[in-house]
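**Student:** model this:
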Amino acid sequence: MTNTTPGFFTNDEFSQQLFSAWRELLSEKQLPALDRWLKGRNKIQYAKHVRKVDQSFKQQLGLSAALFAGVRYLQLACALEHSYQQYEKTELDQIIVSGNINVDVQAWDLDWKFEQVKKIPVANFWFWIELRLKGSDQPLPRKMRDAEPRAEFFKRFAEHMNHPEKTAEFLLWNGLRPSWYPLLQERAEVSQWSPEQLQHFIVQQNQSPPIWLRVQRDKPIRDAYNDLVLQGVNVSITEDGHISAQGGKGVSATKLFQEGFVEVQDLASQQIALAVNIKAGDKVWDCCAGAGGKTVAIASRMNNKGVVVATDLHGYKLEELKRRTKRAEIFNVRAFEWAGDEPLRLPKEIAQQQGFDWVLVDAPCSSAGTWRRNQDARWRFNGKDTAELIALQQQILTNAAPAVRKNGYLVYATCSWQVSENEAQVKWFLENNSEFTLQSQTLLGAPLQDSDTMFVAVLTKNVEG
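**Tutor:** Predicted coordinates for the structure are as follows:
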């Protein structure tokens, strides 16, 4: 994995900033969304040090990258500290000499709680993180009194853990809880992944995907790519014409973005929008539109003909959608709040044709498919929340289905890889709604693509239903 952070201990100023930020993060009542937390913190830091705006931008990027790495591997750091502290010095010497290490990862994971990371001295925690990122063969920090035995212990620990055939250990090594393996194995079986594909998927979870871009307003893709290069964005283009950004100037600062010719949208999300195979003049309902990425992607293909109704359970989320449609010069989108607890009262022109041509249910979910970007989300993942989300998904599907006209389409999507939120939900819906027929269902993105992981199913409402 490519490392962009300076040494945590070799740069005193950087380590002080990092340790301070880590303490602030752990002082929160619960682990927040790290990207939003960092944006808020950076605004405060900017206000306090307005005269230091020339501060190294690379150093700020390094701090963010380090914090993301710390959150990604925080359970592994807990395991390392716990295991290291369990051995007396004589035993530790024997481990270093013999190379033998015995850690019951599965049993330890059952009792692990996020709060345990708060009990680890900050320097100890970041010592383990730095070794995980850079390896034990790098120069050791002199300020750690027991740096050498810790490094030797880490080396033996890594040799024990980093083996795909040791399932629990391999998951922990790659930033995932060992107790999640049954869910991952279920996904592998349903998607018919090979052992190598499952292994690749696990490793991908500690590698951030690129920022994918979608070109719109009839802008030729190659022209958009060339314009982004000229505007200082480090972009790549795939053989099938998908553009991704890896760095350089921020996409949102470009003229191309500000004039609505490109949108930031994950590759898997783009494919969900394409599954809504509309034509100009169709009437579409995006039930859970949120910030509107898929809504705009759908509407941008309709040439301002027909209508797209965009709703969300939380009305405030639709404000970004309104900004996006204005920027892209899209005028056929209507947005309002819908609670999802009862069928939608159809607008007059929709009622006249007895329903929408397309209804997209991009349902609230565990967001397990976005862990590559949102490392903190994995530590909020639990069975109780999943059960509540499954009930909500079923409620929304039940109340959205009546809005589909006969011969119309219902598209169900999530940004999760869990079978229980995807194929199992489609099965449940079909068993309870015999007028619908499954056309297709598939998992999108990772491990086959370098993106988030999402799911989409397309169902048809039968004429005789």
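**Student:** hey, let's count contacts and neighbours off CA atoms from now on
**Tutor:** Noted.
**Student:** now residue 17, nearest residue through space, not along the chain?
**Tutor:** Once flanking residues are discounted, residue 17 sits nearest to residue 63: 7.8 Å by CA to CA, 6 or more residues apart in numbering.
**Student:** quick check: pLDDT value at the one you found.
**Tutor:** pLDDT, residue 63: 85.
**Student:** hmm, it is touching residue 18, no?
**Tutor:** Yes - contact criterion CA atoms under 8 Å: residue 63 and residue 18 qualify, at 6.3 Å.
**Student:** tell me which of those two has more neighbours.
**Tutor:** residue 63 (23 against 20; other CA atoms under 10 Å).
**Student:** what pLDDT does residue 102 get?
**Tutor:** pLDDT, residue 102: 72.
**Student:** list the contacts of the residue most central in space within the chain.
**Tutor:** Among the residues of the chain, the one closest to the centroid is residue 370, at 1.6 Å (CA atoms, centre = their mean). Residue 370 sits next to 415, 416, 452, 453 when contact means CA atoms under 8 Å, 6 or more residues apart in numbering.
**Student:** at 6 Å what do you get?
**Tutor:** residue 452 (CA atoms under 6 Å, 6 or more residues apart in numbering).
**Student:** could you find the closest non-adjacent residue to residue 335?
**Tutor:** residue 310 (4.6 Å).
**Student:** could you measure from that neighbour over to residue 249?
**Tutor:** To residue 249, residue 310 is 32 Å away according to CA to CA, to the nearest Å.
**Student:** more neighbours: the two, which one.
**Tutor:** For residue 310 versus residue 249, neighbours defined as other CA under 10 Å are more numerous around residue 310 (26 against 15).
**Student:** does the more buried one sit in a helix, a strand or a coil?
**Tutor:** strand (DSSP: H, G, I helix; E, B strand; the rest coil).
**Student:** on the pLDDT front, check it for me.
**Tutor:** 96.
**Student:** and residue 133, by the same measure?
**Tutor:** 89.
**Student:** surely it is within a helix?
**Tutor:** Yes - with three-state DSSP as the criterion, residue 133 is located in a helix.
**Student:** how much space between it and residue 314?
**Tutor:** In terms of CA to CA, residue 133 sits 39 Å off from residue 314.
**Student:** pLDDT weak spots in the stretch 351-465 of the chain?
**Tutor:** 464-465 (pLDDT under 70).
**Student:** any chance you could map the helices in it?
**Tutor:** 383-400, 423-432 (DSSP state H, counting those that start in this stretch).
**Student:** returning to that earlier point: how close does the residue nearest to the centre of the chain get to residue 377?
**Tutor:** Distance from residue 370 to residue 377, by CA to CA: 8 Å.
**Student:** then residue 198?
**Tutor:** Taking CA to CA, one finds residue 198 at 20 Å from residue 377.
**Student:** what of residue 229?
**Tutor:** 33 Å.
**Student:** try residue 273
**Tutor:** 24 Å.
**Student:** and what of residue 386?
**Tutor:** With CA to CA as the criterion, residue 386 and residue 377 are 13 Å apart.
**Student:** is it true that residue 438 touches residue 461?
**Tutor:** No - under the criterion of CA atoms under 6 Å, residue 438 is not in contact with residue 461, lying 9.2 Å apart.
**Student:** which of the two has more neighbours?
**Tutor:** Neighbours per residue (other CA under 10 Å) separate residue 438 from residue 461, with residue 461 holding more: 22 against 16.
**Student:** hmm, the more buried one is touching residue 404, no?
**Tutor:** No - in terms of CA under 6 Å, residue 461 does not count as a neighbour of residue 404; the distance is 7.1 Å.
**Student:** which one of the helices of the stretch 351-465 of the chain lies nearest to residue 37?
**Tutor:** helix 383-400 (22.3 Å; CA to CA).
**Student:** tell me the buried residues in that closest one?
**Tutor:** 386, 389, 390, 392, 393, 394, 396, 397, 398, 400 (16 or more other CA atoms under 10 Å).
**Student:** try stretch 144-163
**Tutor:** In stretch 144-163, counting by 16+ other CA under 10 Å, buried: 150, 151, 152, 153, 154, 155, 156, 157, 158, 160, 161, 162.
**Student:** check which helix or strand the second one maps to.
**Tutor:** Assigned by DSSP states H and E, residue 151 belongs to helix 147-161.
**Student:** next SSE downstream of that helix?
**Tutor:** With DSSP H and E, the next secondary element past helix 147-161 is helix 167-173.
**Student:** show me how far whichever helix or strand comes after that next one is from its chain's centre.
**Tutor:** Downstream of helix 167-173, the next assigned helix or strand under DSSP H and E is helix 181-191. Offset of helix 181-191 from its chain centre (CA atoms, centre = their mean, to the nearest Å): 19 Å.
**Student:** quick check: angle from helix 181-191 to helix 423-432?
**Tutor:** Relative orientation of helix 181-191 versus helix 423-432 (axes from the mean of the first three to the mean of the last three CA atoms, to 10 degrees): 60 degrees.
**Student:** coming back round to it: turn the helices of the stretch 351-465 of the chain into CSV, columns for distance to residue 108.
**Tutor:** Below are the helices of the stretch 351-465 of the chain laid out as CSV (distance: least, CA to CA, whole Å):
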stretch, distance to residue 108
helix 383-400, 18
helix 423-432, 31
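**Student:** quick one: closest of those helices to residue 345.
**Tutor:** Of the helices of the stretch 351-465 of the chain, the one closest to residue 345 (CA to CA) turns out to be helix 383-400, at 10.5 Å.
**Student:** gap between that closest one and the chain center?
**Tutor:** 20 Å.
**Student:** stretch 243-262 now?
**Tutor:** On CA atoms, centre = their mean, the centre of stretch 243-262 falls 20 Å from the chain's centre.
**Student:** tell me how far the ends of that stretch are from each other?
**Tutor:** Using CA to CA, the two ends of stretch 243-262 sit 10 Å apart.
**Student:** flag every buried residue along that stretch.
**Tutor:** 243, 244, 245, 251, 254, 256, 257, 260, 261, 262.
**Student:** so which residues of the stretch 251-400 of the chain form strands?
**Tutor:** Using DSSP state E, counting those that start in this stretch, the strands of the stretch 251-400 of the chain run over 262-264, 283-286, 307-312, 333-337, 356-362.
**Student:** just put these in a markdown table and tack on distance to residue 80.
**Tutor:** Formatted as a markdown table, the strands of the stretch 251-400 of the chain follow (distance: least, CA to CA, whole Å):
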| stretch | distance to residue 80 |
| --- | --- |
| strand 262-264 | 38 |
| strand 283-286 | 46 |
| strand 307-312 | 43 |
| strand 333-337 | 47 |
| strand 356-362 | 39 |
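**Student:** what's the most buried one of those strands?
**Tutor:** Counting by mean count of other CA atoms under 10 Å, strand 356-362 has the highest mean neighbour count of the strands of the stretch 251-400 of the chain, with a mean of 26.
**Student:** for residue 449, give its distance to residue 267.
**Tutor:** 8 Å.
**Student:** out of those two, which sits in the busier spot?
**Tutor:** Per other CA under 10 Å, whichever of residue 449 and residue 267 has more neighbours is residue 267, with 25 against 13.
**Student:** of residue 133 and residue 314, who's got more company?
**Tutor:** residue 133 (17 against 14).
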